[in-house]
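**Student:** let me see the structure of the following:
(chains A, B, C and D)
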2 protein chains.
Amino acid sequence: MAVKCDNCPLRELEIFVPFTTEEARFMKGFKIGELTVDAQTPLLIEGSNAPQLYTVLAGQGVRFKTLEDGRRQVVNFVFPGDFIGLQAGVMGEMGHSITSATEMTLCVFDRAEIWSLFKSHPDRAFDLTWLAASEEMFLGESLATIGQRSALEAVAWTLQRLFQRGEALGLTTANEMPLPFRQQDLADALGLSLVHTNKTLAKLKDRGMVLWQDGVLGILDRTGLSDVAGIPMEALRPRPLI
Amino acid sequence: MAVKCDNCPLRELEIFVPFTTEEARFMKGFKIGELTVDAQTPLLIEGSNAPQLYTVLAGQGVRFKTLEDGRRQVVNFVFPGDFIGLQAGVMGEMGHSITSATEMTLCVFDRAEIWSLFKSHPDRAFDLTWLAASEEMFLGESLATIGQRSALEAVAWTLQRLFQRGEALGLTTANEMPLPFRQQDLADALGLSLVHTNKTLAKLKDRGMVLWQDGVLGILDRTGLSDVAGIPMEALRPRPLI
DNA sequence: CGAATGCTTGATGTTCTTCAAAGGTTGTGG
DNA sequence: CCACAACCTTTGAAGAACATCAAGCATTCG
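**Tutor:** Numbering: from 1, shown residues only, chains lettered A, B, ... in the order given. Next up is the predicted model:
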């Protein structure tokens, strides 16, 4: 197993605030291994109390909740740098499930160590709270999108957000990035039917704004998309990396 | 100003995990005052960086986001025991606004002290993270409700959740609790129009499940409501009080 | 080659929105 | 103390956005 904390590729990215050397040393101890899983592998299950926490090193996944009758709500998409399992880590229960969409590589941490993190590394504990608050903020925006925006606006909003994350993570080349999800995933994220999502995507494509084919998302008209999405196309703010 | 930490009425409630005496002493120092505001007073503004954090001692309020064009999404309702301003506290910016719906009394904390909390009181810091994760979990459920449930299910779900909170906080008498919001607030919480929300409420009323009139919510058929809501009517789990 | 999966498109329904208006309550100024 | 405005709730009617149903097409995989 490659212990890569020191030369973790994610640390190079501007989106992540730099570690101090002391922090890096602690994180190396906090880490207990590395995990690689295939696409479509369940990582965490809603309602369960996972013994492990992860930071995504590579690959994409999906966070989702399942209702009693099988309806599915995609809560967010998972990208490199995301810390997953925090809810189980602090509350003892996950509020949603996470499944890989591609092959994924994860940094594995011991859930039992989280308390020692709070006791001996207040700066890292603060970062953890920062991440939780950040996720809360994002879910608030998602709520506003699903609740208030039309299907066209919502799809534009989501694709733009995904692209912004892709850019921050260096996944883009020119105006394209890999987007290894199904239209059904997007539909479940927006509370729309697959059919209507498909037709809405077609509308954005007809307008020459985006093109999402074969797992690749292309942004053809940034300002046009931004107008429909109702948010500016700007860089994401730096965030801590756990 | 009454320094009431020691005999804070909220501490009596089972929903809140008890303070240790040491924690209580620290909280007393963390607290810098008490604030009472009228109904319909803005407490925190989206995008701003509030210098103060609050714990709600009494009264109700509304968390909401406003879109560029004025559409409003109610993110959650605010009840006694809620800690507000955490996003500004850790990220330096609020993701939503908060306005009082009734007269409210708030415990005021100094935002600058939050860092000392992390350094010297890891247990309290952990509680803060717990709260953030808990809010994240709730927003995930809300997302699933807005995205997947029908109007009838969504209204039932929301009223049940509100009543569960009311019970945990001792606001209920028999099957009633004060619910000082407008139908428009509920509509904005669910992404529905006011008209449709009204008609949906009438439907639940016709079925003899709930009655919401003159600021009082009555639950007439708990099991029936629970069935429509799609979640069990059970007590909320204990949570930390900050 | 057949089966499975995901994308696409047309036709038909239903949920929900918008528009419009009226009734009840509260507060305020004349 | 009445008149009037402001606010919230309620109800009916018409229209739009989105869901459901159904089927065809392409690609992948065993």
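**Student:** ok, then the element right after the helix or strand of chain A with the lowest mean pLDDT?
**Tutor:** Lowest on mean pLDDT, DSSP states H and E among the helices and strands of chain A sits helix A:21-30, with a mean of 89. Using DSSP states H and E, the helix or strand that follows helix A:21-30 in sequence is strand A:31-37.
**Student:** counting contacts, what elements does the next helix or strand after that following strand pack onto?
**Tutor:** Sequence-wise, the next helix or strand downstream of strand A:31-37 (DSSP H and E) is strand A:42-44. Counting by 3 or more C-beta pairs under 8 Å, 6 or more residues apart in numbering or on different chains; DSSP states H and E, the packing neighbours recorded for strand A:42-44 are strand A:97-100. (Each C-beta comes from the backbone N, C-alpha and C, glycine too.)
**Student:** what pairs with the strand it packs on, and is each one parallel or antiparallel?
**Tutor:** strand A:42-44 (antiparallel), strand A:61-66 (antiparallel) (DSSP bridges).
**Student:** circling back: show me which positions of the least confident helix or strand of chain A end up buried.
**Tutor:** Across helix A:21-30, burial judged by 16 or more other C-beta atoms under 10 Å in any protein chain shown covers A:23, A:26, A:27, A:30.
**Student:** before we move on, the earlier item: deepest-packed of the strands paired with strand A:97-100, please.
**Tutor:** Per residue and on average, the most neighbours among these fall to strand A:61-66, with a mean of 23 (mean count of other C-beta atoms under 10 Å in any protein chain shown).
**Student:** put the alpha carbons of it into CSV.
**Tutor:** The C-alpha trace of strand A:61-66 is given here as CSV (Å, rounded to 0.1, in the frame of the first residue of the first chain):
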residue,chain,number,x,y,z
GLY,A,61,-19.7,8.5,-6.5
VAL,A,62,-23.2,9.4,-5.5
ARG,A,63,-24.7,10.2,-2.1
PHE,A,64,-28.4,9.3,-1.9
LYS,A,65,-31.3,8.5,0.3
THR,A,66,-33.9,5.8,-0.3
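**Student:** tell me the angle that strand makes with strand A:31-37.
**Tutor:** Going by axes from the mean of the first three to the mean of the last three C-alpha atoms, to 10 degrees, strand A:61-66 is angled at 80 degrees with respect to strand A:31-37.
**Student:** could you give the angle of whichever helix or strand comes after strand A:61-66 to strand A:61-66?
**Tutor:** Once strand A:61-66 ends, the next helix or strand along the chain (criterion: DSSP H and E) is strand A:72-78. With the same axes, to 10 degrees as the basis, strand A:72-78 and strand A:61-66 are set at 160 degrees to each other.
**Student:** pairing partners for strand A:72-78, with directions?
**Tutor:** strand A:61-66 (antiparallel).
**Student:** quick one: is the strand it pairs with near DNA strand C?
**Tutor:** No: against DNA strand C, strand A:61-66 shows no contacts by C-beta under 7 Å from any atom of the strand, the least distance being 11.7 Å.
**Student:** show me the contact partners of that strand.
**Tutor:** For strand A:61-66, contacts defined as C-beta atoms under 8 Å, 6 or more residues apart in numbering or on different chains pick out A:43, A:46, A:72-78, A:84, A:95-102, A:104, A:181, A:185, A:188, B:140-141, B:143-144.
**Student:** which of those come close to DNA strand C?
**Tutor:** Within the contacts of strand A:61-66, nothing lies near DNA strand C by C-beta under 7 Å from any atom of the strand.
**Student:** need the residue closest to the centroid of chain A.
**Tutor:** Note on chain A: the residue nearest the mean C-alpha position is residue A:78, at 2.7 Å, using C-alpha atoms, centre = their mean.
**Student:** how much space between the nearest residue to that one once chain neighbours are set aside and chain B?
**Tutor:** For residue A:78, ignoring the flanking residues on the chain, the nearest one in space by C-beta to C-beta, 6 or more residues apart in numbering or on different chains is residue A:61 at 3.7 Å. With distances taken as C-beta to the nearest C-beta, to the nearest Å, residue A:61 is found 15 Å from chain B.
**Student:** now swap in residue A:124 and tell me
**Tutor:** Counting by C-beta to the nearest C-beta, the gap from residue A:124 to chain B is 10 Å.
**Student:** so which of the strands paired with strand A:97-100 comes closest to DNA strand D?
**Tutor:** Closest of the strands paired with strand A:97-100 to DNA strand D is strand A:61-66, at 16.2 Å (criterion: C-beta to the nearest atom of the strand).
**Student:** about what we covered before: can I get the buried residues of helix A:21-30 in CSV with distance to chain B?
**Tutor:** What follows is those, written out as CSV (distance: C-beta to the nearest C-beta, whole Å):
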residue, distance to chain B
A:23, 14
A:26, 14
A:27, 17
A:30, 15
